[in-house]
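Student: I need the structure of the sequence given here:
(chains A and B)
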Amino acid sequence: MTNFKCKLADCQKFKRIVDALKDLVSDVNIDTSATGISLQAMDSSHVALVSLMMNQEGFDYFKCEKPATIGVSIGNLSKVLKLANPEDSITLEFDEDPSCLTIIFESSTNSKSTTFNLNLLTLESENMGIPDTEYTSEITMNSNEFTKICKELGVISDTVGITTTLDYVEFSVTGDIGSGNIKINTSTGEIDQSGNPDAKGDKADVLVELSFALKYLTMFTKAAPLANEVSLQMSKDTPLVVQFEMSGLGNLFYYLAPKITDGEETDAS
Amino acid sequence: MGIHKLMSLIDEKAPDAVKEITLDTLTGKKVAIDASMCIYQFLISTQTLKQGFGVTELRDKDGNLTGHLVGILNRTLSLLDHGIKPIWVFDGKAPQLKAGELEERKEKKKEAKEKMDQLMEEGKDDEAAKMAQRSIRVTPEMTEDAKKMLRLCNIPMVEAPSEAEAQCAQMVKDELAFATVTEDMDALTFGTTVLLRGFGNRKDPIRQITLSKVLEGFEMSMDEFIDLCILCGCDYTSSISGIGPVKAFKYITQYKTIEEVLEVLEKENTKSKSATKKRYQIPEEFLYKESRAFFNEPDVTKKEDLEEFKWGTPEEEALTKFLTEEKGFSEVTVNNALKKFKKTKGKANQKRLDTFFKMGTKKSTSKVTKTKAAVKSKGKKSFK
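Tutor: You can find the predicted model right below:
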């Protein structure tokens, strides 16, 4: 008996979501319920986490009899998605106690259909309880602009420092060849700054000052085609949240643990 | 070495205690490495056999072996590159209890050396190489070289008052490190909460063994576990012939302590028909009480008396001078190592998400015949 079935008229959307996951995680548990599809997974070094929520309203067809958790290899799913043509629709379905996930691509004219049964895995995944946090600084910017910054700075250094004030946001790097920064003023509207400035540190004007591994930020930017805007939420000594809102379909969140700057010593053993 | 067949026993009785991991999963953590154990591994792996030349080793101009220096340097770099902070722990004075074991090892080494020379003369190179591995001896100078090199690299190092694996275990218990890295299983008996094995072999994954899960799987208390290890055969006392790991496990499960087990064994011995050959030969000097005390209270330096660990950058000039002029390293090798050191800088500064978020586990509800875990365990040997 079919326990779960959903359909998206545009399989490209689904493909982009899988592309946004596959660099970061390999095998994931996907949860299905009456409200939609969700997943949460960490990279192997436990530095970054991705959390996906796809609302049932965003699908062209959605039915879930009983909540289920299925183990899927993202790498293999990505291979199967290569069978689709750009104009195809995609249908996902599985039974109660499933051993495979059925994926169907249909052309818009109904002239051709491709069906693949992807074997499922039994995975024990680590689940993170993410506390509600009020962030000191939340910046919103064009997602392509963010991709460009990460890509370009990634060539120079493996770490980027992000400093935000009420007036500007600064991305800075130090590499073997020298050091530099990209400064974007908030007044021009290219970048939007909000958050809770009351929680800022002791340095005047500076809301947050954090360092992150560009390797991970670059992986996150794979989600840029899914949303026009990206928002970064930051607080002192807290993981960065990178959010892509997929119009109507839900949200893709990435969490990234900060790097400690030289001189600081960590107690985490 | 270590505890006889404990690993097979864990694989069999407490498979949940073992997790196969990659170095990535340790990013941001500190590990205590049993240096003395590694030195042997490195010396063995740097031995090469050349046709007509016999067994050759990496040596400096004074004839001291240097293979271990290459090994320690590379291991350190590979860990730093994954954002893992190593603390090297060296053996101190061997405990009195180990004297018997050490004497035996020395004897074996001498034998191996003699055999090697003989085989070499007979032209049996392959067998000679095996004997060469067994005949390796680590001199105090070689250990000093390793310490000096680490000091110049500014990598933390601890000189244990006695056994290195006991010191490692203490540091893990004191939360100075996440795990003990050694092949020596008695680190678990000394109470390390996590043991990492298999660093020497690049092909196989690293195995992470969690003590609490071993005890859970064995359904034993720590005291019973220590007694089990002694019965299996440890470095500190000779063992009872006729008792292997399987029987040791059965007896400790049933009778809980070695005292009780001994009583049972004595009874069985008297029941035995043949008067000349007893079923179980309990050694005259079965030092289980002393061994137990040593496992419980080994001679270690506690947290309060250790210096704070710091991971710095190498003293380039001094290190280059030491390695190239005294230890016969080529300048290229040293320069490459220094370059790698620079590249690893900052990698260990990455924090992990689990320091911020609470973790739980979740399992797929999907029914799958061929599970991932089953595929992974394919290569495991079952215990016979």
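Student: rest of the way, CA atoms for contacts and neighbours
Tutor: Will do.
Student: pretty sure A:L153 contacts A:V160?
Tutor: Yes. Assessed by Cα atoms under 8 Å, A:L153 is found in contact with A:V160 at 7.5 Å.
Student: what is in contact with the two at once?
Tutor: A:V173, A:L214 (Cα atoms under 8 Å, 6 or more residues apart in numbering or on different chains).
Student: where does pLDDT dip in the stretch 151-269 of chain A?
Tutor: A:195-204, A:261-269 (pLDDT under 70).
Student: chain B now?
Tutor: Short version for chain B, where the test is pLDDT under 70: B:1, B:49-55, B:201, B:272-278, B:346, B:348, B:366-384.
Student: ranges for the strands of it?
Tutor: B:18-21, B:30-34, B:48-50, B:54-56, B:85-90, B:157-159, B:179-181, B:194-197, B:206-210, B:358-363 (DSSP state E).
Student: and the ones you listed, which is most packed in?
Tutor: Sort those by mean neighbour count, taking mean count of other Cα atoms under 10 Å in any protein chain shown, and strand B:179-181 sits at the top with a mean of 29.
Student: and for the residue nearest to B:I240 when sequence neighbours are not counted, the neighbour number?
Tutor: Leaving out its chain neighbours, the residue that sits closest to B:I240 by Cα to Cα, 6 or more residues apart in numbering or on different chains is B:I282, at 4.8 Å. Residues within reach of B:I282, counting by other Cα atoms under 10 Å in any protein chain shown, total 17.
Student: residues contacting B:I282?
Tutor: For B:I282, counting by Cα under 8 Å, 6+ apart, the contacting residues are B:S239, B:I240, B:S241.
Student: for A:S89, see how far away it is.
Tutor: Distance of B:I282 to A:S89, computed by Cα to Cα, to the nearest Å: 75 Å.
Student: give the buried residues for stretch A:146-159.
Tutor: Within stretch A:146-159, the residues that count as buried by 16 or more other Cα atoms under 10 Å in any protein chain shown are A:F146, A:T147, A:I149, A:C150, A:K151, A:L153, A:G154, A:I156, A:S157, A:D158, A:T159.
Student: over to stretch A:30-41?
Tutor: Those would be A:I30, A:D31, A:T32, A:S33, A:G36, A:I37, A:S38, A:L39, A:Q40, A:A41, for stretch A:30-41 by 16+ other Cα under 10 Å.
Student: okay if I get those as JSON lines plus distance to A:L52?
Tutor: Below are the buried residues of stretch A:30-41 laid out as JSON lines (distance: Cα to Cα, whole Å):
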{"residue": "A:I30", "distance to A:L52": "9"}
{"residue": "A:D31", "distance to A:L52": "10"}
{"residue": "A:T32", "distance to A:L52": "12"}
{"residue": "A:S33", "distance to A:L52": "14"}
{"residue": "A:G36", "distance to A:L52": "10"}
{"residue": "A:I37", "distance to A:L52": "8"}
{"residue": "A:S38", "distance to A:L52": "5"}
{"residue": "A:L39", "distance to A:L52": "5"}
{"residue": "A:Q40", "distance to A:L52": "6"}
{"residue": "A:A41", "distance to A:L52": "9"}
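Student: could I get the strands of chain B as TSV with distance to chain A?
Tutor: Shown next, in TSV, are the strands of chain B (distance: least, Cα to the nearest Cα, whole Å):
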stretch	distance to chain A
strand B:18-21	9
strand B:30-34	5
strand B:48-50	36
strand B:54-56	40
strand B:85-90	9
strand B:157-159	16
strand B:179-181	9
strand B:194-197	12
strand B:206-210	14
strand B:358-363	4
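Student: ignoring the adjacent residues along the chain, who's closest to B:P245?
Tutor: Nearest to B:P245 is B:C232, by Cα to Cα, 6+ apart, at 4.9 Å.
Student: then B:K85?
Tutor: B:K30 (4.5 Å).
Student: got a list of what that neighbour touches?
Tutor: Contacts of B:K30 were listed using Cα under 8 Å, 6+ apart, and they are A:S269, B:I84, B:K85, B:P86, B:I87, B:L176, B:A177, B:F178, B:A179.
Student: at 6 Å what do you get?
Tutor: Going by Cα atoms under 6 Å, 6 or more residues apart in numbering or on different chains, B:K30 touches A:S269, B:I84, B:K85, B:P86, B:A177, B:F178.
Student: neighbours around the fifth one, how many?
Tutor: For B:A177, the number of neighbouring residues by other Cα under 10 Å comes to 25.
Student: so it touches B:V31, yeah?
Tutor: Yes. Using Cα atoms under 6 Å, B:A177 is in contact with B:V31, at 5.0 Å.
Student: sorry, back to before: want to throw the contacts of B:I282 into TSV with neighbour count?
Tutor: Formatted as TSV, those follow (neighbours: other Cα atoms under 10 Å in any protein chain shown):
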residue	neighbour count
B:S239	22
B:I240	20
B:S241	14
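Student: looking at those residues, which is nearest chain A?
Tutor: B:S239 (37.2 Å; Cα to the nearest Cα).
Student: quick one: contacts for that closest one?
Tutor: B:G233.
Student: what values do phi and psi take at it?
Tutor: phi -110, psi 170 (degrees, to the nearest 10).
Student: quick check: the gap between it and B:C232.
Tutor: 7 Å.
Student: tell me the backbone dihedrals of A:G161, please.
Tutor: phi -100, psi 130.
Student: the residue nearest to it when sequence neighbours are not counted in helix, strand or coil?
Tutor: Counting by Cα to Cα, 6+ apart, A:G161 lies nearest to A:S211, which is 4.2 Å off, once chain neighbours are set aside. Using DSSP: H, G, I helix; E, B strand; the rest coil, the structure places A:S211 in strand.
Student: and A:G58, how many neighbours does it have?
Tutor: 16.
Student: what sits closest to it if chain neighbours are left out?
Tutor: A:L249 (4.3 Å).
Student: residues contacting the one you found?
Tutor: A:L249 touches A:M54, A:N55, A:G58, counting by Cα under 6 Å, 6+ apart.
Student: need those residues in TSV with secondary structure and pLDDT, can you?
Tutor: Formatted as TSV, the contacts of A:L249 follow (DSSP: H, G, I helix; E, B strand; the rest coil; pLDDT from 0 to 100):
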residue	secondary structure	pLDDT
A:M54	strand	95
A:N55	strand	94
A:G58	helix	92
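Student: what is the nearest of these to chain B?
Tutor: A:M54 (18.8 Å).
Student: who touches the closest residue to the closest one other than its chain neighbours in this structure?
Tutor: Leaving aside its sequence neighbours, A:M54 sits nearest to A:G250 (Cα to Cα, 6+ apart; 4.5 Å). Residues in contact with A:G250, defined by Cα under 6 Å, 6+ apart, are A:M53, A:M54, A:N55.
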